[in-house]
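In: Just to be clear, the model below is a prediction. Sequence and coordinates:
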Amino acid sequence: MEGEARNTKRKQPPTPSNDRPMKQIKPELDSHGRNGTYVVTQELQTSESTMDSGVDDIVSSHINGAVHDTAEWQKTIERVVRNVVSIHFCQTCSFDTDGAVASEATGFVVDAEKGYILTNRHVVGAGPFIGYCIFDNHEECDVYPVYRDPVHDFGILRFDPKAIKYMPVAALELRPDLAKVGVEIRVVGNDAGEKLSILSGVISRLDRNAPEYGEGYSDFNTNYIQAAAAASGGSSGSPVVDKNGYAVALQAGGRADGAATDYFLPLDRPLRALELIRQGKPVTRGTIQTQWILKPFDECRRLGLSPDLEKEIRTAFPKETGMLVAEVVLPEGPASGAIEEGDLLIRVNGELITQFIRLDAILDNSVYGRVKMMIQRAGENMDIELDVEDLHAITPDRFVSVAGAAFHDLSYQQARLYAISLQNSGVFVCEAAGSFRFADGYASGWLIQEVDNKPTPNLDAFIEVMAGIPDRKRVVIVYKHLRDLHTANTSITTIDRHWHAKMRLAKRNDETGLWDFSTLAEAIPAVPPIPRRANFIQLQSKYPEAVDIVRSFVRVHVQMPIKLDGFPKSNKQGYGLVVDAEQGLVLVSRALLPYDLCDISLIFADSIFVEAKIIFMHPLQNYAIIKYDTSLVNAPVKTPKFSTDFIKKGEETIFFGLNQNFRPVVTKTTVTDISTVAIPASAVTPRYRATNFDAITVDTNQASHSACGVLIAEDGAVQALWLSYLGERASHGGKDVEYHLGLATPMILPVLKEIQSGKTPKLRILNVEFQTVQMSQARVMGVSEEWIERTEQEDPERHQLFMVRKVDSGHEHGLHEGDVLLTLNGKLITRAPDLDIMYNNEFLNAVVIRRREQMEIKIPTVPTEDLETDRVVSFCGATLHRPHQAVRQQISKIHSDVYISSRARGSPAYMYGLAPTNFLTHVNNVPTPDLDSFLREVKKIADNEYFRLKVMTFDNVPWVATMKKNEHYFPTIEYVKDPSEALGWKKLIHECDEGGVKEVVSEEVEMGDEPDEPFSDPADAPAV
């Protein structure tokens, strides 16, 4: 079965047809498969080279059939094509076996009068769905789910037939009885976009077991039809037609190893469901929670099939070659204890059974009743009587979102895959985010067993427990993963009921095709914290005064409810250095704390847990200062002694750091180099990085493994801070590179003194990035011998000057790219700390060399208070804000103040191709230079209405997107920085549907991101 899972795949489109050919996305972005129906293994993903050309060929009404088709086939195909539709859809959030996705597939009209379309269940999905279909003449209308089968791979969508004005809508007749071995067939489907493919084949088998697709959704308890047709991407849901134009099967899957084999679902059960829906009756589905598979007679004999029974069956069914054998029997289900794996099914209600279709029919007509079965086990006949349960009742049709994550009851699909009981197995986490983002990076598949020491066997019990937990309470969670049910994990997490205040229930509504959202519980306010006492560990060392710095280190957890500024993670943890124990000031790296829409918690002495707030974020030097309430910490926290002199190259020092296991390491070492470092920019997603600073490196490999620490003298004076610097994203593997480097303490002392005096530093900076040039280069660039001599004399250790490598966009009126900087306000600039003169001056007098000419210019500095993001808009699943500083550093021209920082998978933004790093410049041809004008224009657009966006890529390529608004699942929400609010941010809901989501979907957010980091030990789940 595992081998089969590797070799089967769903039909997956290479790219949405209305996407542009990747040009709106920066080159290295989207290393995952593009918008497929399912995420598949690397070998199954379509390569970028097979993307559409970006020019949509309009399909003519006359379709050429497969090669050498007869006139009869041509006529049939022309008739069939009019009934086939291309379905473009989003599954808006993770649910059950399906992740959030935007993709496309095929369907075909089966009732023209009522507007029903048949397609696959893995297209309709188990969870929230939005989509539209495109007919052969390129007319378009919305589709809504009417029915998705709990097990079999078919679903029914409805559309409004009146919306199709320019062609008669016709339906294909379903004829499951015409599927026979040897019948010539055609698969008419959406091959890539709206381009239609017609593939020919011949039915070769009718008795194939349902293909297994691995861990996602898989069909079972049915036979499949096999044919050689080699259908390709996007053909899921295509009709399989015979020469007379009847639909004889439904395209569902195929081989992933290149073999020209396709798997079709027989239409018996879809036909029954359609008939019941037409009559307005419920589609009853019965189950005894047992998976059967077809096994040939030779295998059945080995399992104990008696000769007389084989003779009876072969006589009754001369064409049959096998029997149904029990494969999985769910514990505590109706068949548990009565049927065992390997049992042969002989009779149901006295009728000999060899086929799934008859078994399905009997069970579906016996819901809440009983059936009599005769099975044979090792040659012995056994008569049993079983209760038939409702299959819909064990298929989730609701989920709860609380604390940033989403939960529902365990489904039959998942229970069958892992052969576990559906009774009281725990609550299934379909989106592990927010307070429930567990280690190991899995976004789903967790089963919550206990919360706050109370059992959560099912969703109702879980709702009751969560409703009683106050905001910010730290609770113990016991959970397992479906892949490893042997191991019960225990974590401690903080329940977030402030960013995600309401506990909400989403319930499927088959009348409207939408999911209705309602509030289950408001947040219980947080319990005020109380002071706690603790002692720090004592380290035995040759350098007692140096290792006493352990009393200045504090564990830092940062939780970010919304991803901004291109930052790749939604939680980070590390260490910070207490720089003033009396005032409660802590210095942390900006690789840990990139922006201030977040929760920060500190742990002192691995014991006391307190919240902290940001006081100051340095725009260039990679650190932030945060503040905590000292009255809550009864522990001997130490204010370090800081050296006022710069540490020198070759000087001996003691390295004290916290390694990747958060253990303290101490070693004597030597400063090997102090140089001006350029952290590489992230080409894919611009995000904060330090610029124009001198970095210290030391001669110990412990330093490269430690993200936080200090260089400290034997007398306990801190000479440098050891910090983590976020760098570029590696082109291979997609991992984010972090650099560990030292920052001399005299660099931070002026800012620290200002904060200690009660002021917030208002720094001014030169909005340029410098790089060093040696004298040989400087001479070529026009620097005179006098200046070279002066440089050598004034800085004998470093013979270097600074050249302007990049000017931030919007600040071209001062320094120019290529300028060599000689002096600022008369001081020769040879080292990064010399540039600190800019912090307190509105203008600087500079001597520069520009195009080999020496000139004196007056250059302005810019204030840094408005560099940080202070306003965010979530619109159609895209996170928008003003281009942050990293964007301005990397781009030559800001096209608009409406910048896409990230987008949610399964959202309209994803579906219609808006990509991170794009700028939105116009809405319906009206310029939108800022968020105010953008919000004003989008409010004029009605829900579910198309509008046009003019978009500019990061690489200055303009394009136009057309997209449709969806206020039900993706409301327009704004977050505005507001110091008067308890969280520091105010939330405004601009547009939403009354029964809709009403909060930012915190599901998977896509910015070329990687999974969040796992936590170091079981007791360290994400703390808020």
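Out: Arrived safely, thanks for sending.
In: Buried residues in stretch 532-539, which are they?
Out: Phe536 (16 or more other Cβ atoms under 10 Å). Placement of C-beta: from N, CA and C, glycine included.
In: Next, the distance between the ends of it.
Out: By Cα to Cα, to the nearest Å, the extent of stretch 532-539 from end to end equals 23 Å.
In: any idea how far it is from the chain center?
Out: Centroid separation between stretch 532-539 and its chain, computed with Cα atoms, centre = their mean, to the nearest Å, is 39 Å.
In: For Arg10, give me the pLDDT.
Out: Per-residue pLDDT puts Arg10 at 48.
In: what stretches of the stretch 601-750 of the chain score poorly on pLDDT?
Out: Across the stretch 601-750 of the chain, nothing is flagged by pLDDT under 70.
In: just the chain next, same as before
Out: Those would be 1-69, 191-195, 230-234, 255-260, 439-441, 812, 993-1024, if you go by pLDDT under 70 across the chain.
In: Enumerate every residue touching Arg472.
Out: 494-498, 526-527, 611, 1024 (Cβ atoms under 8 Å, 6 or more residues apart in numbering).
In: doesn't it fall inside a helix?
Out: No. Arg472 is assigned coil when assessed by DSSP: H, G, I helix; E, B strand; the rest coil, not a helix.
In: ok, now how distant is it from Ile495?
Out: According to Cβ to Cβ, to the nearest Å, Arg472 stands 7 Å off from Ile495.
In: now swap in Phe517 and tell me
Out: Taking Cβ to Cβ, one finds Phe517 at 20 Å from Ile495.
In: Which one's more surrounded, these two?
Out: Neighbours were counted for Phe517 and for Ile495 using other Cβ atoms under 10 Å; Ile495 has more, 27 against 22.
In: Would you quantify the distance from that one to Phe462?
Out: 13 Å.
In: Now find how far off-centre stretch 703-713 is within its chain.
Out: The mean C-alpha position of stretch 703-713 is separated from the chain mean by 33 Å, Cα atoms, centre = their mean.
In: Could I get the CA-only coordinates of that stretch as CSV?
Out: The C-alpha coordinates for stretch 703-713 follow below in CSV (Å, rounded to 0.1, in the frame of the first residue of the first chain):
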residue,chain,number,x,y,z
ALA,A,703,30.5,31.5,19.7
SER,A,704,29.0,30.2,16.4
HIS,A,705,26.6,28.0,18.3
SER,A,706,25.5,30.7,20.7
ALA,A,707,22.8,33.2,19.6
CYS,A,708,23.1,35.3,22.7
GLY,A,709,25.9,36.1,25.1
VAL,A,710,28.6,38.6,26.1
LEU,A,711,32.3,39.1,25.9
ILE,A,712,33.3,39.9,29.5
ALA,A,713,36.5,40.8,31.3
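In: Now for Lys987: which residues touch it?
Out: By Cβ under 8 Å, 6+ apart, the contact list for Lys987 reads 973-975.
In: before we move on, what about Ala338?
Out: 384, 386.
In: phi, psi of it?
Out: With angles defined as degrees, to the nearest 10, Ala338 sits at phi -100, psi -40.
In: Also the one 5 residues further on?
Out: Note on Asp343: its backbone torsions stand at phi -70, psi 140 [degrees, to the nearest 10].
In: I'd like to know how far it sits from Gly350.
Out: For Asp343, the distance to Gly350 - Cβ to Cβ - is 18 Å.
In: Tell me which of these two has more neighbours.
Out: A count of neighbours by other Cβ under 10 Å puts Asp343 above the other of Asp343 and Gly350, at 25 against 8.
In: thought the more buried one was touching Ala378?
Out: No. The pair Asp343 / Ala378 is not scored as a contact, 9.2 Å apart, by Cβ atoms under 8 Å.
In: All the helices of the stretch 101-250 of the chain, residue numbers only.
Out: Assigned by DSSP state H, counting those that start in this stretch, the stretch 101-250 of the chain shows helices spanning 121-124.
In: So which bits of stretch 395-414 are buried?
Out: So stretch 395-414, judged by 16+ other Cβ under 10 Å, has buried residues 395-397, 399-414.
In: and if you look at stretch 917-933?
Out: 917-923, 928, 931, 933.
In: Determine how far the last residue of that stretch lies from the first.
Out: Using Cα to Cα, the end-to-end distance of stretch 917-933 comes to 20 Å.
In: still on that earlier bit, which of the buried residues of stretch 917-933 sit farthest apart?
Out: Thr917 and Ser933 (20.8 Å; Cβ to Cβ).
In: Excluding chain neighbours, give the residue nearest to Ile857 in space.
Out: Leaving aside its chain neighbours, Ile857 sits nearest to Ala846 (5.5 Å; criterion: Cβ to Cβ, 6 or more residues apart in numbering).
In: Fine by me, we can end here.
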